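Trainee: got a structure for you, letters missing:
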């Protein structure tokens, strides 16, 4: 499945403060589409204090499909298995 990225401006109406569930943000350190400043803005505005932000070294926008995929999976599993 592929996302249609032609209307990126539509994502601007999303309000991170309305996300009120535990949230994991994963960012590939080499992601050319999602600058770290944008991720920081998103993360800081999330509406639930139970949150984590993992930066995957060596990853890009599709870190889950890249050589660092194992680190991506480890981050997800670690977040889900927290006490």
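Mentor: Received the coordinates, thanks. A quick note: this is a predicted structure, and the numbers were derived from the prediction, not measured.
Trainee: can you pull the buried residues of the longest helix belonging to the chain?
Mentor: As assigned by DSSP state H, the longest helix anywhere in the chain is helix 69-80. For helix 69-80, the neighbour count (16 or more other C-beta atoms under 10 Å) marks 71-72, 75, 79 as buried. Where C-beta positions appear, they are placed from N, C-alpha and C, glycine not excepted.
Trainee: Quick check: of those, which lies closest to residue 54?
Mentor: residue 75 (4.3 Å; C-beta to C-beta).
Trainee: Okay, strands next: where are they in this structure?
Mentor: 23-28, 51-56 (DSSP state E).
Trainee: Distance from the last one to the middle of the chain?
Mentor: Read that as strand 51-56. Centroid separation for strand 51-56 versus its chain: 7 Å, with C-alpha atoms, centre = their mean, to the nearest Å.
Trainee: For that strand, buried residues please.
Mentor: 51, 53-54, 56.
Trainee: low pLDDT regions in this protein?
Mentor: For the chain, applying pLDDT under 70 flags the ranges 1-5, 8.
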